[in-house]
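Peer 1: quick one: sequence plus predicted model below, questions after.
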Amino acid sequence: GYATPQIRSGKLEGPQHLRSYVIEGKLRLSLRDAVVLTLENNSEVRVRETQVETSKFALLGAHASFDPVLSSVDNINSTTSPPYTFLQGTGSSNVNFKSTTKSIQFNYSQMFESGTTFLGGFNTFINSSNSSFFLFNPYTASTLNFQLTQPLLRNGWFAANRAPLVIARRNLQQSRAAFVAEVNNSILQAVNQYWAVVQARGNLEVAQGSMAAAESTYKRDKRALELGALPPLDIYRSESQVASRRVLVIQSEYALRQAEDALRLTIGADQDPYFQALDLDLTERPEPGDELRAIDAASALQTALTKRPEFEAAQAALARDETQIRLARNHLLPQLDLLALYASNGVGGRTGIDTIGQPLSSSWLNQMFGFGYPTYEAQLTLSLPLKNRAAKAEMGSALVSRRSDLYNQRFIREQVTLDVTNAVHQLEQAKLSVAAGKEALDLAQKTMAAEQRKYELGSGTIFFVLEAQTELASAQQSLLQSEVGYQMALASVD
């Protein structure tokens, strides 16, 4: 059929294959699982896919001008009128003239890619009347005709008539390439949102750990205050830190919810209330492997310029523009058409009387297929527009479209070059940030342990302990951000 069951359906199906990932009441997803679900369920991907289907049907419609057409006309006409001349053959002025006519017509027409139009037809005309002047009454007149029309200049030959097909194919090619580019963007979006959830969850864990450390310090200070070992005013510092870190926990919780909702939207889990209510269990860890990848900028750029689907879409657009320019140039030509016609005629009836009163009979079928009564016709028609503004406007629009697509191709090259350069720089930055973040975290842990030990021995103050806790949490978040940034940069480069 011309359409798939999904296209014919007036309803949308629910999210696909999500139930396979429900484990222990949670939606457990690896990074690959999130990408697969995005391709299957993401609404934006499906919208882009329908544009490809639209281009397919546009290509199908471009063949319409070459579709054969079979038509028929069946007509009957009965007339009664008063006589006004003896040539009507009624025999008397008191007898009305009566005539009944039935006509049947069958035509077959088709245009070919060369521009040639073929028309084949069969026409028959049956008449009966009360006139005495007809040799056959009723009589049948039939014609079998064949006609060919060939444009010689405008709309002539293969290039001009195949142009709409070529344009439709280029549009389909461009739609497919644009769809692949959008799929790549959706995959990158899913990857980034996956790692955004991982980072938000890690930030929440860091905030919770920092608040737990502040609460532990506050309890120790509160106990010291009760024993008289701590001045009353010093308790407010640790108490203030507990309150401020509780705020950070609340903010981190809602940031995690927002990141999870964005990921649910991308993978289609928001389309069903059951899956929307499930907690997400992401299995990937942000920590990179022991050996961080090194990317050569020149080779990465060359790969992008070769494989990025945006270039294929731009090339398809330029190829379409060239076809439109050739078609517009053809439309600037005069209209010169050659017509050739051959027809075979036949006349007959069941009975008749000749001039000396002898009975006559004739078979219109034998005459028509005997090809003894032919008709020949040849015609050359020239139409010369004096201004032809429509064709000039078509040519101008085609030229402007080509120039626009040339600029667009250059812009795509510039944008891809910038994207690859930024991705390589982000990857290098992330690698250095991961190494520096690990060192900073190690030093923050050592500082925290030292300040805690000095405070327990009475040589330190609560201020330095709380400050060390804050620096440790900041170092943990910075390292997490660097690790997630490395994973995102790696996805952008790939």
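Peer 2: Looks like it came in fine. The structure displayed is predicted, hence computed values, not measured ones.

Peer 1: remind me which residues of the stretch 301-450 of the chain are low pLDDT?
Peer 2: 350-362 (pLDDT under 70).

Peer 1: burial count for residue 337?
Peer 2: The local packing of residue 337 (other Cβ atoms under 10 Å) involves 19 other residues. For the C-beta atoms, the positions are set from N, CA and C on the backbone; glycine is no exception.

Peer 1: would you state the helices of the chain in chain order?
Peer 2: 5-8, 31-41, 43-62, 157-226, 235-267, 273-276, 297-307, 309-331, 364-370, 389-457, 462-493 (DSSP state H).

Peer 1: list the contacts of the second one.
Peer 2: Right, the one you point to is helix 31-41. Applying Cβ atoms under 8 Å, 6 or more residues apart in numbering, the contact partners of helix 31-41 are 15-18, 21, 29, 45, 183, 186-187, 189-191, 193-194, 263, 266-269, 271, 284.

Peer 1: distance check, the residue lying closest to residue 81 once chain neighbours are set aside against residue 103.
Peer 2: Distances taken as Cβ to Cβ, 6 or more residues apart in numbering place residue 97 nearest to residue 81, at 5.3 Å, with adjacent residues excluded. Plainly put, residue 97 is 19 Å away from residue 103 if you go by Cβ to Cβ, to the nearest Å.

Peer 1: could you give the number of residues near the residue nearest to residue 81?
Peer 2: Neighbour count for residue 97, taken as other Cβ under 10 Å: 17.

Peer 1: now do residue 411
Peer 2: Using other Cβ under 10 Å, residue 411 has 12 other residues around it.

Peer 1: how near is the nearest residue to residue 375 once chain neighbours are set aside to residue 219?
Peer 2: Ranked by Cβ to Cβ, 6+ apart and with sequence neighbours excluded, the top spatial neighbour of residue 375 is residue 343, at 4.0 Å. Per Cβ to Cβ, residue 343 is found 111 Å from residue 219.

Peer 1: more neighbours: which of the two?
Peer 2: Using other Cβ under 10 Å as the criterion, residue 343 and residue 219 rank with residue 343 on top: 18 against 12.

Peer 1: hey, what's that one bridged with?
Peer 2: Note on residue 343: beta-bridge partners by DSSP bridges are residue 145, residue 375.

Peer 1: that older thread, I'd assumed residue 78 was in contact with the residue nearest to residue 81.
Peer 2: No - using Cβ atoms under 8 Å, residue 97 makes no contact with residue 78, being 11.9 Å away.

Peer 1: list the contacts for residue 450?
Peer 2: For residue 450, the contacting residues are residue 468, by Cβ under 8 Å, 6+ apart.

Peer 1: what about residue 324, how many neighbours?
Peer 2: 22.

Peer 1: just the buried residues of the contacts of helix 31-41.
Peer 2: Neighbour-count burial (16 or more other Cβ atoms under 10 Å) applied to the contacts of helix 31-41 gives 15, 18, 21, 29, 45, 183, 186-187, 189-191, 193-194, 263, 266-269, 271, 284.

Peer 1: distance of residue 274 from residue 468?
Peer 2: From residue 274 to residue 468 the distance is 46 Å (Cβ to Cβ).

Peer 1: so which of the two has more stuff around it?
Peer 2: Ranked by neighbour count (other Cβ under 10 Å), residue 274 and residue 468 place residue 468 first, with 23 against 12.

Peer 1: tell me the contacts of the more buried one?
Peer 2: Contacts of residue 468 by Cβ under 8 Å, 6+ apart are 444, 447, 448, 450, 451, 452.

Peer 1: ok, so what distance separates the closest residue to residue 192 other than its chain neighbours from residue 422?
Peer 2: Closest residue in space to residue 192, ignoring its immediate chain neighbours: residue 488 at 5.5 Å, by Cβ to Cβ, 6+ apart. As judged by Cβ to Cβ, residue 488 and residue 422 stand 12 Å apart.

Peer 1: same drill for those two, tell me which one is more crowded.
Peer 2: residue 488 (22 against 12).

Peer 1: local confidence estimate at the more buried one?
Peer 2: Note for residue 488: predicted pLDDT of 80.

Peer 1: so it makes contact with residue 194?
Peer 2: No - Residue 488 lies out of contact with residue 194 (Cβ under 8 Å); the separation is 9.6 Å.

Peer 1: number of residues surrounding residue 127?
Peer 2: 19.

Peer 1: gap between residue 220 and residue 456?
Peer 2: 9 Å.

Peer 1: more neighbours: these two, which one.
Peer 2: Legend: neighbour count by other Cβ under 10 Å for residue 220 and residue 456, higher for residue 220 (16 against 11).

Peer 1: quick one: residue 363 and residue 348 touch, right?
Peer 2: Yes - here residue 363 lies in contact with residue 348, judged by Cβ under 8 Å, at a distance of 4.9 Å.

Peer 1: neighbour count winner among the two?
Peer 2: Shown here are residue 363 and residue 348; by other Cβ under 10 Å, residue 348 has more neighbours (19 against 15).

Peer 1: tell me what that one is bridged to.
Peer 2: Beta-bridge pairing for residue 348 (DSSP bridges): residue 140.

Peer 1: quick one: it and residue 142, what's the gap?
Peer 2: 8 Å.

Peer 1: who touches both of these two?
Peer 2: Shared contacts of residue 348 and residue 142, counting by Cβ under 8 Å, 6+ apart, come down to 364, 365.

Peer 1: can you name the residues that contact the most centrally placed residue in the chain?
Peer 2: Closest residue to the average C-alpha location of the chain: residue 51 at 2.6 Å, with Cα atoms, centre = their mean. Taking Cβ under 8 Å, 6+ apart, we find residue 51 in contact with 175, 178, 179.

Peer 1: distance check, it against residue 340.
Peer 2: Using Cβ to Cβ, residue 51 is found at 45 Å from residue 340.

Peer 1: poorly predicted segments of the stretch 51-200 of the chain, please.
Peer 2: 84-95, 130-136.

Peer 1: how does it look with 80?
Peer 2: Judged by pLDDT under 80, the stretch 51-200 of the chain has its weakly predicted residues at 80-99, 127-139.

Peer 1: the closest residue to residue 434 other than its chain neighbours - how many residues pack around it?
Peer 2: Closest residue to residue 434 apart from its sequence neighbours, by Cβ to Cβ, 6+ apart: residue 482 at 4.7 Å. By other Cβ under 10 Å, the residues close to residue 482 number 22.

Peer 1: now do the contacts for residue 482.
Peer 2: 430, 433, 434, 436, 437.

Peer 1: and the pLDDT at it?
Peer 2: We have a pLDDT of 82 for residue 482.

Peer 1: against residue 200, how distant is residue 268?
Peer 2: 20 Å.

Peer 1: same question, residue 434
Peer 2: 19 Å.

Peer 1: look at the two and report which has more neighbours.
Peer 2: More neighbours surround residue 200 than the other of residue 434 and residue 200, with 23 against 20 (other Cβ under 10 Å).
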